[in-house]
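Colleague: Test case, fold it:
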Amino acid sequence: MSRPAKANLDLWLNQQSHRRLASIAAMQEQAIMPFLEDKRFANVRRTGTITALELKTSDAG
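Modeller: I've put the predicted structure just below:
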């Protein structure tokens, strides 16, 4: 296994990393709340530490 791959795996196996990721996810969940109620945005979502939303427009251009 390469060094970078092992370092990545070690991070995922580390309980402190899991706590940090959970904390980041909770902060992001709070941060997207205003977008959920804002009619200018659609499909506001979060998976893990990835957050996304779509901006509504009057035309596709």
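Colleague: before we move on, what SS does residue 52 have?
Modeller: Local secondary structure at residue 52 is given as strand here, using DSSP: H, G, I helix; E, B strand; the rest coil.
Colleague: residues in contact with it?
Modeller: Going by Cβ atoms under 8 Å, 6 or more residues apart in numbering, residue 52 touches 43, 44, 45, 46. (C-beta placed from N, C-alpha, C; glycine too.)
Colleague: need the contact list for the spatially closest residue to the first one that is not a sequence neighbour.
Modeller: Excluding the flanking residues, the one nearest residue 43 by Cβ to Cβ, 6 or more residues apart in numbering is residue 54, at 4.7 Å. With Cβ under 8 Å, 6+ apart as the criterion, the residues that contact residue 54 are 41, 42, 43, 44.
Colleague: Nearest residue to the second one in space, please, no chain neighbours.
Modeller: The one in question is residue 42. residue 54 (4.6 Å).
Colleague: and which of the contacts of residue 52 is nearest residue 35?
Modeller: Distance ranking of the contacts of residue 52 against residue 35, using Cβ to Cβ, places residue 44 first at 4.6 Å.
Colleague: Next up, the contacts around that closest one.
Modeller: Listed by Cβ under 8 Å, 6+ apart, the contact set of residue 44 reads 32, 35, 36, 52, 53, 54.
Colleague: now swap in residue 41 and tell me
Modeller: Going by Cβ under 8 Å, 6+ apart, residue 41 touches 35, 53, 54, 55, 56.
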